[in-house]
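Student: Return atomic coordinates for the entry below.
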Amino acid sequence: MKVTPLRMKGLLLIELAIHRDERGFFAERFHLAEFAARGLPTHFVQDNHSRSAPGVLRGLHVQQDPPQGKLVGVTRGRICDVTVDLRPESATFGRHCRLELSDVNGRMLWIPAGFAHGFCVLGDEPADVVYKVDAPYNPAGESGIVWDDPDLAIPWPVKAPILSARDEWLSSFAAYQIHASRYLTPA
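Tutor: Okay, here's the model as predicted:
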């Protein structure tokens, strides 16, 4: 396993060791001692699994109450994974990070609390996204930012994504800052 800090403080790229042979492959997605030795989070309270069809975009979601960090990976297909730094004192506040995660490249992403998260499916196959969270889901403590907010200027690789009704009506980045100011996490 290789752990690389990304340009946003706290955001970590985790590259798994993938053992391949003629039968397929094997990868350890979580190992308590290995995670602890590398300073990665080891306390998770929930595992989630979503399947998304080609063309689907989910997000940008953030849970502020309680603040929630996510360990995100893909077990089937490919996604363009996007995080946005929402920590007001951070040098990268309002900036995004974009990575491809897939069932082939062995990458996972640790997203600490204080980031919005979203992804879109790449290619013509569905994508299965699995993620561990370090705080329980609370629908009343969740909000988000619309995927195509012009202030964020995220270069999504899809032009007309399939969205949920909820994601179509997420707020702008400017409106999010006003309404979520009590939750914004310092860097």
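
Student: name the element the spatially closest residue to L32 that is not a sequence neighbour belongs to?
Tutor: Of all residues not flanking L32 in the chain, T42 sits nearest, at 5.6 Å (CB to CB, 6 or more residues apart in numbering). No exception for glycine: its C-beta is placed from N, CA and C like everyone else's. Secondary structure from DSSP states H and E places T42 outside every helix and strand.

Student: wait, what's in contact with T42?
Tutor: L32, F35, A36 (CB atoms under 8 Å, 6 or more residues apart in numbering).

Student: and what of T92?
Tutor: T92 makes contacts with R7, M8, K9, D85, as judged by CB under 8 Å, 6+ apart.

Student: What of R58?
Tutor: Applying CB under 8 Å, 6+ apart, the residues near R58 are S50, S52, G118, F119, C120, S164, D167.

Student: So which of the contacts of T92 are in strands?
Tutor: Among those, DSSP state E puts D85 in strands.

Student: between the contacts of T92, which is nearest G94?
Tutor: Taking CB to CB as the measure, D85 is the one of the contacts of T92 closest to G94, at 6.7 Å.

Student: what's the distance between the nearest residue to the closest one once chain neighbours are set aside and G114?
Tutor: Using CB to CB, 6+ apart and skipping residues adjacent in sequence, the residue nearest D85 is T92, 4.6 Å away. Using CB to CB, to the nearest Å, T92 is found at 11 Å from G114.

Student: Which of the three states applies to the spatially most central residue of the chain?
Tutor: Geometric centre of the chain, nearest residue: H117, 4.3 Å, by CA atoms, centre = their mean. Secondary structure, DSSP: H, G, I helix; E, B strand; the rest coil: H117 is strand.

Student: Looking at the contacts of T42, which one is closest to W110?
Tutor: Among these, and counting by CB to CB, the member closest to W110 is F35, at 9.4 Å.

Student: Tell me who's in contact with that closest one.
Tutor: Counting by CB under 8 Å, 6+ apart, F35 touches P41, T42.

Student: Now the helix or strand hosting it: buried residues?
Tutor: Taking DSSP H and E as the criterion, F35 maps to helix 32-37. Neighbour-count burial for helix 32-37 flags F35 (criterion: 16 or more other CB atoms under 10 Å).

Student: about what we covered before: just the closest of the contacts of T92 to R76, please.
Tutor: M8 (27.0 Å).

Student: Might you report the residue contacts of the closest one?
Tutor: Going by CB under 8 Å, 6+ apart, M8 touches T83, D85, S90, T92, R95, C97, F115.

Student: among the residues you listed, which are in strands?
Tutor: Using DSSP E, the contacts of M8 in strands are T83, D85, C97, F115.

Student: Just give the number of residues close to M108.
Tutor: By other CB atoms under 10 Å, the residues close to M108 number 26.

Student: Residue most distant from the centroid, the protein?
Tutor: Most peripheral residue of the chain (CA atoms, centre = their mean): E22, 31.7 Å.
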